[in-house]
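# Structure of the sequence below:
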Amino acid sequence: MNRIIGYLGMTAVSVALLSSCDSFIGSAEPTTFHGFDGLETETVYANTPKTFVTFLAYGDWNVTKTEGVDWCTFDKTQGVGGYWYYINVTCKPNTTGQWRYAKYKLQDKDDTDVTASFGLFQYATRGDGSMGGSPLVKTVTGDDGSLIELEYDGNDCVSALKMTKNGTVLRDLHITYASDSVMHVSTGASVLKAKYDMGFQMAESNLCSETDTFGVTTQSDLYVQTAFMVKESKSNGEYNAQSLLFLNQKFGGDNEHCADSLRYQRRKADGSVNTVKMKLSYSDYDNRYQSIDVNQLLLGIEECNPYNLLCFFRHTRNSKVLKGASTADGNYTVDTKLNTDKSVRTLAVTRPDGTKVTYTFAYYDE
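Below is the predicted model:
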C-alpha cells in the first residue's frame, strides 16, 4: 500500500477533544486520496487554551515545526499509519500585542515526497476583543456610589460580576464554561445557557433561559456596512437594547472598528420607555487595553448592560475610548486618564445636564 497521509482539516475549539487515534481505517487502499487533500488552518484567540489537528494517516508519520515561535504544543507528534488522528494542541496565551503563527510539516516517515505544510495562527486579542496582555479589571468605583466587582477564571474570562449603587444590588452574575461547550450565566433568578466558541463567545445568536434572553441580530454585511442590535429581554416585558451602525468597518481578526452612531432603548416593567440616540466621537485611546468595555459606562451604571460590559458579543466593544456623544438633549463628554500600560485609570463622564461621574479602575496584580 502506498504510504499517503490525507490531511482532512484543522479546526479550533475551546475544549480538549481526543488526543490519540480513534478508529482503524483498514488495509484497502482508497482511490480518492492522492497526497494531501483538504489542507486547512484555523486561527485561535489570544486566550484560547486548546485547538486540535485532525488528519488521516495511511503510513507512519511525524510532525515538526518549521517556522515561528513556540506558542503551541502537540500532544502527539508521531504515529503509525492506518488511523484517523485527533491531536490536541495546547496554546499559550498571547500577551505580545501582535498576532503570531507557527508553521508545521506533516511527513510520511517512509516516503519523503509525501508531506504537507500547515500553519497555526493566533490573534493578539482575546475572544471578548481585549488585548491578550491587557490587565484584568478588579473593581470600578464611581463617585456617585456605584461599584462594579469582577472575578475571573484561568482563561481570563469573567466568572463573577456584581454591580451595586449605594449598596443596592443591581446585577449579580456568575458565569461558567462547561466542558460540553455550554456557557451558563446565573442571574439569581434564572440560568441562561448558550453554546460557546473557542473565544468563549456565544456560538449561537441567543443566550437564554425560560424567562430571560440576551440576543444579537445582525442587519447587514459584517465586512462592508453593519448595523446590529444586542438586546436583553425579560418575560415581564422589560428590555434594554443597543443598535450600532458601522460604516465601512472590518471585523475580522484584530481589526479596529468604531461605530458611527448608537441607539439605546430601555423598557421598564411599568411600560415606560427611555430612548437615547447618539452620534459618537472617539479619543485616540485604545479601548482594548483593559478587560472590560469602558464605553458601556457612558449612561451610568443603572443603564449599563453587564453582557455588553463584558463583551459577550465582541463587536459591541468599539476599539477606541469615547470622547463624547451628541444627542437631541445635549452632549456627553468623556475625559479619560490612562495608566502607563495604556489601561484606563479614570473615566469622567459629564452628562447633558452638567452632572459628572468619575469612575476609577483598579486591577488585579497591581
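# Quick check: chain neighbours aside, which residue is closest to residue 69?
residue 100 (6.0 Å; Cβ to Cβ, 6 or more residues apart in numbering). Where C-beta positions appear, they are placed from N, C-alpha and C, glycine not excepted.
# For residue 251, see how far away that neighbour is.
Residue 100 is 20 Å from residue 251, where distance means Cβ to Cβ, to the nearest Å.
# same question, residue 89
Relative to residue 251, residue 89 is positioned 26 Å away (Cβ to Cβ).
# ok, those two, which is more surrounded?
For the pair residue 89 and residue 251, the greater number of neighbours falls to residue 89 (23 against 15), based on other Cβ atoms under 10 Å.
# Quick check: buried residues in the host helix or strand of the more buried one?
Using DSSP states H and E, residue 89 sits in strand 83-91. If you call a residue buried by 16 or more other Cβ atoms under 10 Å, then strand 83-91 has these buried ones: 83-89, 91.
# what does stretch 231-247 give?
If you call a residue buried by 16+ other Cβ under 10 Å, then stretch 231-247 has these buried ones: 231-234, 240-246.
# just stretch 184-198 next, same as before
Going by neighbour count (16+ other Cβ under 10 Å), the buried part of stretch 184-198 is 184-185, 187, 192-194, 196-198.
# Using CSV, list the CA coordinates for it.
Provided in CSV are the C-alpha atoms of stretch 184-198 (Å, rounded to 0.1, in the frame of the first residue of the first chain):
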residue,chain,number,x,y,z
HIS,A,184,-24.1,29.1,32.0
VAL,A,185,-24.9,32.6,33.3
SER,A,186,-26.7,32.5,36.7
THR,A,187,-28.5,35.8,37.5
GLY,A,188,-30.0,34.7,40.8
ALA,A,189,-33.4,34.5,39.1
SER,A,190,-32.6,32.2,36.2
VAL,A,191,-29.8,30.5,34.4
LEU,A,192,-29.1,31.4,30.8
LYS,A,193,-27.3,29.0,28.5
ALA,A,194,-25.7,29.0,25.1
LYS,A,195,-23.0,27.2,23.2
TYR,A,196,-19.7,29.0,23.2
ASP,A,197,-16.9,29.1,20.7
MET,A,198,-13.1,29.0,21.0
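# which other residues reach that stretch?
By Cβ atoms under 8 Å, 6 or more residues apart in numbering, the residues outside stretch 184-198 that reach it are 12-14, 44-45, 48, 51, 127, 171-178, 181-183, 202-204, 206-214.
# what about it, average pLDDT?
When pLDDT is averaged along stretch 184-198, the result is 96.
# Same check on stretch 50-64?
Rounded mean pLDDT across stretch 50-64 is 86.
# Check stretch 108-123 too.
87.
# Skipping adjacent residues, who's closest to residue 256 in space?
residue 319 (3.9 Å).
# any chance you could read off phi and psi for the most centrally placed residue in the chain?
Nearest residue to the geometric centre of the chain (Cα atoms, centre = their mean): residue 127, 1.9 Å. The phi/psi pair for residue 127 (degrees, to the nearest 10) reads phi -60, psi -30.
# Pull up the gap between it and residue 164, please.
For residue 127 relative to residue 164 (Cβ to Cβ), the value is 27 Å.
# Which members of the contacts of stretch 184-198 are classed as buried?
By neighbour count, with 16+ other Cβ under 10 Å, the contacts of stretch 184-198 hold 12-14, 44-45, 48, 51, 127, 171-175, 177, 183, 202-203, 207-209, 212-214 as buried.
# lowest confidence element among the helices and strands of this protein?
strand 21-24 (a mean of 35; mean pLDDT, DSSP states H and E).
# where exactly do the strands run in the stretch 101-250 of the chain?
Secondary structure of the stretch 101-250 of the chain (DSSP state E, counting those that start in this stretch): strands at 115-122, 137-142, 146-152, 158-165, 168-177, 182-186, 191-195, 206-208, 212-218, 225-234, 239-247.
# now those as JSON lines including distance to residue 75?
Formatted as JSON lines, the strands of the stretch 101-250 of the chain follow (distance: least, Cβ to Cβ, whole Å):
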{"stretch": "strand 115-122", "distance to residue 75": "14"}
{"stretch": "strand 137-142", "distance to residue 75": "34"}
{"stretch": "strand 146-152", "distance to residue 75": "26"}
{"stretch": "strand 158-165", "distance to residue 75": "27"}
{"stretch": "strand 168-177", "distance to residue 75": "21"}
{"stretch": "strand 182-186", "distance to residue 75": "24"}
{"stretch": "strand 191-195", "distance to residue 75": "24"}
{"stretch": "strand 206-208", "distance to residue 75": "32"}
{"stretch": "strand 212-218", "distance to residue 75": "34"}
{"stretch": "strand 225-234", "distance to residue 75": "37"}
{"stretch": "strand 239-247", "distance to residue 75": "40"}
